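1. show me the folded form of this:
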Amino acid sequence: MARTVAGNVAWIVLLLATTASAAETTAPATIEAQALRGGLHVLKGAGANVVAWTGSDGLLVVDTGNVASAPQLFEALAKVSPGPVRLVVNTHWHPDHVGGNAALRRAGAEIIAHDDTRARMTSRQLMSPYEVEVPAAPRDALPIVTFDDTLSLHLNGTRVLLVHVPAAHTDGDLVVWWESANVVHLGDAYYAGEYPAIDVANGGSLAGTVAAIETTLSRTDARTVIVPGHGPVSNRGELMAYRDMLVAVGKRVRELVEQGNSLDEVLAARPTEAFDERYGQAGIGAERFVRLLYADLTARR
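-> This next block holds a predicted model:
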């Protein structure tokens, strides 16, 4: 128990370091549920967007928010469905997406993730977007079912498809599809209305993020409900605009790098300027986004 408590305390310290306001993090989380369709709800306020899916076979949850908001997450899930959580899917390993794992595991849920997500969680990591060290996760928080490419879950009379998108936000990202409901959760491959925090040190890349979005777009239509890892529930048109922004900014930064410009010179050129009003007002901001792109593109030359 001592090791688990110590691990959870360390994760709370991490969350204090990576959020805009410590006061916001230490205050009790306010989690609001937004109904989608097909028994699906988005729970907002736990740190990252949590999706809860109810049906005759039990409750499935995608991502679990941060450690500090776990009690409020339990309360919100109980309002969505009175039964216990049967399965948890983690879209990747960052602590604002897996912080409630241990509590849900102790309550009887089984946790599913990509192979690389479990591997990252078993040892200390550095979150490159925030330059913060993340300790190994408590044992109860670790996924017990992992896979490499795709996995189908047959529940509630339909199929949920878990698809690995390589080298996107991290090396272990999953996209989760509810095919019959036409709903998809992209995790942090998509930050709606914000520049993305691509974790370059842990296998993330601009090219992989764009590829993940392209794959998603190829299977969506105007009615598809798109859930980002952060930000409001979205749609195909907004995701296309986000993809176009990533391509345009990436192209400009690549050109500047190939011209031999230093990081300071790339920053001075303001390659995100045309998009800052729409995407630069929240999250990591324009400067940190460009720094991540520079690190990614110079490492791959």
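
2. from residue 90, how far out is residue 155?
-> As judged by CB to CB, to the nearest Å, residue 155 and residue 90 stand 17 Å apart. Where you see a C-beta, it was placed from the backbone N, CA and C, and this is true even at glycine.

3. the more surrounded of these two?
-> residue 90 (28 against 17; other CB atoms under 10 Å).

4. am I right that the more buried one is in contact with residue 100?
-> No: contact criterion CB atoms under 8 Å: residue 90 and residue 100 do not qualify, at 10.2 Å.

5. mind listing what residue 172 touches?
-> 92, 93, 113, 114, 115, 116, 117, 119, 120, 164, 203 (CB atoms under 8 Å, 6 or more residues apart in numbering).

6. of these, closest to residue 106?
-> residue 113 (17.4 Å; CB to CB).

7. partners of the helix or strand harbouring that closest one in the sheet?
-> Residue 113 belongs to strand 110-114 when assigned by DSSP states H and E. Applying DSSP bridges to the sheet, strand 110-114 is found paired with strand 85-89 (parallel), strand 145-147 (parallel).

8. which residues touch that strand?
-> Contact with strand 110-114 is made by 86-90, 92-93, 101, 104-105, 141-148, 151, 153, 162, 164, 172-174, as judged by CB under 8 Å, 6+ apart.

9. go through the longest helix seen in the chain and flag the buried ones.
-> Using DSSP state H to assign secondary structure, the helix with the most residues in the chain is helix 236-258. Using 16 or more other CB atoms under 10 Å as the burial criterion, the residues of helix 236-258 that qualify are 236, 238-239, 242-243, 245-246, 249-250, 252-254, 256-257.

10. would you mark the buried spots in stretch 143-163?
-> Neighbour-count burial for stretch 143-163 [16+ other CB under 10 Å]: 143, 146, 151, 153, 155, 156, 158, 160, 161, 162, 163.

11. are we agreed that the first one is in a strand?
-> Spelled out, that is residue 143. No: with DSSP: H, G, I helix; E, B strand; the rest coil as the criterion, residue 143 is located in coil rather than a strand.

12. was I right about it contacting residue 116?
-> No: Residue 143 is beyond contact range of residue 116, at 10.7 Å (criterion: CB under 8 Å).

13. so, low pLDDT: which residues of the stretch 1-150 of the chain?
-> 1-28 (pLDDT under 70).

14. can you map out the strands along it?
-> Ranges of strands in the stretch 1-150 of the chain, per DSSP state E, counting those that start in this stretch, are 32-35, 40-44, 50-53, 59-62, 85-89, 110-114, 125-127, 132-134, 145-147, 150-155.

15. distance to residue 296 added to the ones you listed, as CSV?
-> What follows is the strands of the stretch 1-150 of the chain, written out as CSV (distance: least, CB to CB, whole Å):
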stretch, distance to residue 296
strand 32-35, 33
strand 40-44, 29
strand 50-53, 28
strand 59-62, 26
strand 85-89, 27
strand 110-114, 20
strand 125-127, 15
strand 132-134, 18
strand 145-147, 26
strand 150-155, 26
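
16. nearest to residue 225, of those strands?
-> Among the strands of the stretch 1-150 of the chain, strand 40-44 sits nearest to residue 225 (CB to CB), with 7.9 Å.

17. that older thread, which one of the contacts of residue 172 sits closest to residue 223?
-> Residue 223 has its nearest neighbour among the contacts of residue 172 in residue 164, at 25.3 Å by CB to CB.

18. my guess is the closest one meets residue 170, correct?
-> No: if you go by CB under 8 Å, residue 164 and residue 170 don't touch, sitting 11.0 Å apart.
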